[in-house]
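Student: I'll drop the sequence and a predicted model, then ask my questions.
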Amino acid sequence: MFADRMNDAFAEFDRDEAYAFIEGFDRATRRRGQRHFQMGAVTMLKAIPDGFEAIVEGDYDSTVTLLWDPSDGWLGECTCPEGIDCEHVYAAMQAVLAEHSVAAVRSLRPKALPGKSRPRWAGGWTGARSSSCAS
Ligand SMILES: [Zn+2]
């Protein structure tokens, strides 16, 4: 969906922190933000230093900046009149979380392979046989 480069940005991404951040928004903002996200209003998402930048289409396009601070947590800024923690920030973070799910699946695959590449019966056959004969 978005560039593969996003994988790098997720190296230190904490899903729980991200969820806690947007779940803290008021109910109306969350509902509108969820609708934006489901309608595909997030048309651009990219990694920037310390966070993500997204464009959310609406009556006018809003540019959302999501910044991660190790001590303060997530900060969401938007170019709409609300400025911070608005429905666009919510939609943008949902898009980040959706991308993170895809990236996590991708990164799991290579890790699962090496253990299976060597057949279990390879090597050690004669040793196992002679020890069972000894008893
Ligand atoms: Zn906004």
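Tutor: Thanks, I have the structure now.

Student: shaky segments in this structure?
Tutor: 1-9, 11, 108-135 (pLDDT under 70).

Student: Write out the residues of it neighbouring the ion.
Tutor: Within the chain, the positions lying close to the ion (C-beta under 5 Å from the ion) are 62, 78, 80, 86, 88. In this view, the C-beta of every residue, glycine as well, is placed from N, C-alpha and C.

Student: my guess is the second one meets Tyr90, correct?
Tutor: By that I understand Cys78. No - judged on C-beta atoms under 8 Å, Cys78 makes no contact with Tyr90 at a distance of 9.9 Å.

Student: Specify which residue of the two has the higher count of neighbours.
Tutor: Tyr90 (27 against 22; other C-beta atoms under 10 Å).

Student: Could you confirm the more buried one falls within a strand?
Tutor: No - counting by DSSP: H, G, I helix; E, B strand; the rest coil, Tyr90 falls outside a strand, being helix.

Student: so where does the residue nearest in space to the middle of the chain fall, helix or strand?
Tutor: In the chain, the C-alpha closest to the average C-alpha coordinate belongs to His100, at a distance of 1.9 Å (C-alpha atoms, centre = their mean). Using DSSP states H and E, His100 falls within helix 87-112.
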